[in-house]
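Q: make a model of this:
(2 chains)
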Amino acid sequence: QQPVQSPQAVILREGEDAVINCSSSKALYSVHWYRQKHGEAPVFLMILLKGGEQKGHEKISASFNEKKQQSSLYLTASQLSYSGTYFCGTVNTNAGKSTFGDGTTLTVKP
Amino acid sequence: NAGVTQTPKFQVLKTGQSMTLQCAQDMNHNSMYWYRQDPGMGLRLIYYSASEGTTDKGEVPNGYNVSRLNKREFSLRLESAAPSQTSVYFCASTPTSRVESPLHFGNGTRLTVT
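A: Sure, this is the predicted structure:
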């Protein structure tokens, strides 16, 4: 079952914050986050395993709420380089493979 | 360090033609994957290989076949291309098949079927 990402697109000014959500209709074992710039391959950002942990990567962090079956990606003080499409990949069992959402396109303007 | 290398980068096929997309990784990873990405959409798993000698279907395997030639190489074959297979194809690898392994992607093959 494909996860649902929201919003589909967001436009920010440099320095503003954004939150991207990823929801699943099934119980989650882990959530992966990737960023893809136009015309390029997706690049890994972070993985969260069930347990509700929060992880950080520079000014980008993420949370994982097992009960709500969702994960959120937080981008603080956004930079121009944060522009791109963000994908979450959800895994439902410890032997499963990632199923990806349709992405959230983030545009950061000067 | 090249990572995951895909060839060709671009390809145009006529309906009914066949072709093989090549993928090689030099990171000594055990698991390899083929995804397709349609415009404005996420990645859909076509086939994967958890380890050398094994292959399994993903979400959208119809119309494709794969070969795990050795630990480094994993090819994707379209036997009779259809316009619905126009897409960008990404190969990826992970150190193991465990769920916490991050995917390392190649730069993609952009395929157009007319």
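
Q: which bits of chain B sit near chain A?
A: Taking Cβ under 8 Å from any Cβ of the partner chain as the contact definition, chain B meets chain A at B:33, B:40-45, B:48, B:58-59, B:90, B:99-100, B:102-108. Yep, even glycine has a C-beta here, placed from its N, CA and C like the rest.

Q: put the buried members of those into a PyMOL selection.
A: A single PyMOL command selects the buried members of these (16 or more other Cβ atoms under 10 Å in any protein chain shown):
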select buried, chain B and resi 33+42+43+44+45+48+58+90+99+102+103+104+105+106+107+108
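
Q: and the residues of chain B next to chain A, which of them are in strands?
A: With strands taken from DSSP state E, the overlap with those comprises B:Tyr33, B:Leu43, B:Arg44, B:Leu45, B:Tyr48, B:Phe90, B:His104, B:Phe105.

Q: what pLDDT does the first one get?
A: As predicted, B:Tyr33 sits at a pLDDT of 95.

Q: beta partners for it?
A: B:Tyr48, B:Ala92 (DSSP bridges).

Q: find the centremost residue of chain B, please.
A: Central residue of chain B (Cα atoms, centre = their mean): B:Trp34, 2.7 Å from the mean position.

Q: which residues touch that one?
A: The contact partners of B:Trp34, taken as Cβ atoms under 8 Å, 6 or more residues apart in numbering or on different chains, are B:21, B:23, B:45-48, B:58, B:64, B:66, B:74, B:76, B:89-92.

Q: neighbouring contacts of stretch B:5-14?
A: For stretch B:5-14, the external contacting residues (Cβ under 8 Å, 6+ apart) are B:19, B:21-26, B:78, B:81, B:89-91, B:106-114.

Q: hmm, back to that, which one of the contacts of B:Trp34 is nearest to A:Glu14?
A: Closest to A:Glu14 out of these is B:Phe90 (30.0 Å), distances taken as Cβ to Cβ.

Q: tell me how far the closest one lies from A:Ile20.
A: 21 Å (Cβ to Cβ, to the nearest Å).

Q: how far off centre is the host helix or strand of B:Thr5?
A: Taking DSSP states H and E as the definition, B:Thr5 sits inside strand B:4-7. The chain centre lies 9 Å from the centre of strand B:4-7; the measure is Cα atoms, centre = their mean, to the nearest Å.

Q: buried set for stretch B:22-35?
A: The neighbour-count check on stretch B:22-35 (16+ other Cβ under 10 Å) flags B:Gln22, B:Cys23, B:Ala24, B:Gln25, B:His29, B:Asn30, B:Ser31, B:Met32, B:Tyr33, B:Trp34, B:Tyr35 as buried.

Q: most widely separated two among these?
A: B:Gln22 and B:Asn30 (18.9 Å).

Q: low-confidence stretches in the chain?
A: Just so you know, I chose chain A. Along chain A, segments meeting pLDDT under 70 span A:52-57, A:94-95.

Q: right idea, wrong chain: chain B
A: B:1.

Q: buried residues, the strand holding B:Thr5. List them.
A: B:Val4, B:Gln6.

Q: what of stretch A:93-100?
A: Buried residues in stretch A:93-100, counted by 16+ other Cβ under 10 Å: A:Lys97, A:Ser98, A:Thr99, A:Phe100.
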